[in-house]
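**Q** A structural model of the following input is requested.
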Amino acid sequence: MQPTSSKHEQRSRATRSALVAAARRLFAERGYADVGTEEIVRAAGVTRGALYHQFRDKTDLFDTVVQTVEAEVTQRIATQAMATAADPVEALRAGARAFLDAFAEPDAERILLLDAPGVLGWRRWREIGQDQGLGVITEALSAAIATGDLVEQPVSPLAHLLLGALDEAALKVAHADDPVATRAEMAAALDRLVEGLLVRR
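**A** Model (predicted):
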């Protein structure tokens, strides 16, 4: 027989997961501003009190949704695009293309690019992106330096610059009148950016 506290923790985790899943779906469909807390709790099948037991307010819930989506996107890029690349340089190129592709998906675009900077503020939005993506970029750059494809240099500044370029490219696509053409332009520009970092042999 499980202790009462363990059952309570399981129920609490289930409630939190239901709220995050429901909020994610609704935020992706209509955006943060057009979704109310009453709709979220109905979709999650919980009470309003349960929401405020788990989160301070709707913005706090949205923050968790952003972290969740960002983590999934980063994990997918790292394991499906970069991990299968033939070498560190191709991993950087593949990661940049996969980044643009992932952020063009409706839920990632709406939640991470269109709503998150305004709702959470630029600093918090960047903080979440750095927490999730900076390690992946740092690892890829370090590998490229180790193979001699990039000049030996401090990795952290370059990783921050590259993450900033990726964010700007994704934002440009998200706000473009012609996202398909803009995505192609940004992908080509990112390829040239990576190419410019390489050691000439």
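**Q** how is the protein carved up into domains?
**A** Domain assignment for the chain by automatic domain parsing gives 1-55, 60-197.
**Q** winner for burial among these?
**A** By mean neighbour count, with neighbours taken as mean count of other Cβ atoms under 10 Å, domain 60-197 ranks first of these at a mean of 17. C-betas here are computed from N, CA, C, even on glycine.
**Q** straight-line length of it, end to end?
**A** Separation of the first and last residues of domain 60-197 by Cα to Cα, to the nearest Å is 39 Å.
**Q** turn the domains of the chain into JSON lines, columns for mean pLDDT.
**A** Shown next, in JSON lines, are those (pLDDT from 0 to 100):
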{"stretch": "domain 1-55", "mean pLDDT": "91"}
{"stretch": "domain 60-197", "mean pLDDT": "93"}
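**Q** quick one: name whatever helix or strand follows the lengthiest helix in the chain.
**A** Assignment by DSSP state H gives helix 4-30 as the longest helix of the chain. Following helix 4-30 in sequence order, the next helix or strand is helix 37-44 (DSSP states H and E).
**Q** same for that following helix, what does it pack against?
**A** Packing partners of helix 37-44 (3 or more Cβ pairs under 8 Å, 6 or more residues apart in numbering; DSSP states H and E): helix 4-30, helix 48-54, helix 58-76.
**Q** can you pull the contacts of Ala43?
**A** Each residue near Ala43 by Cβ atoms under 8 Å, 6 or more residues apart in numbering is listed here: 22, 25-26.
**Q** the longest helix of the chain to helix 37-44, inter-axis angle?
**A** Here the directions of helix 4-30 and helix 37-44 differ by 110 degrees (axes from the mean of the first three to the mean of the last three Cα atoms, to 10 degrees).
**Q** and the residue positioned nearest the centre of the chain, how far from Ala85?
**A** In the chain, the centroid-proximal residue (Cα atoms, centre = their mean) is Glu70; its distance is 2.4 Å. In this view, Glu70 and Ala85 are 22 Å apart by Cβ to Cβ, to the nearest Å.
**Q** next one: Leu193
**A** Leu193 is 17 Å from Ala85, where distance means Cβ to Cβ.
**Q** now do Ala143
**A** 10 Å.
**Q** now the common contact residues for the two.
**A** In contact with both Ala143 and Ala85: Ala91, using Cβ under 8 Å, 6+ apart.
**Q** so what's Lys58 up against?
**A** 32, 36-37, 40.
**Q** export those residues to JSON lines and tack on distance to Glu90?
**A** Formatted as JSON lines, the contacts of Lys58 follow (distance: Cβ to Cβ, whole Å):
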{"residue": "Tyr32", "distance to Glu90": "37"}
{"residue": "Gly36", "distance to Glu90": "46"}
{"residue": "Thr37", "distance to Glu90": "45"}
{"residue": "Ile40", "distance to Glu90": "42"}
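**Q** ok, back up a step: how about the nearest residue to the residue nearest to the centre of the chain, chain neighbours excluded?
**A** Nearest non-adjacent residue to Glu70, counting by Cβ to Cβ, 6 or more residues apart in numbering: Gln132, 4.6 Å away.
**Q** ditto for Tyr32
**A** Excluding its sequence neighbours, the residue lying closest to Tyr32 (Cβ to Cβ, 6+ apart) is Asp115, at 4.5 Å.
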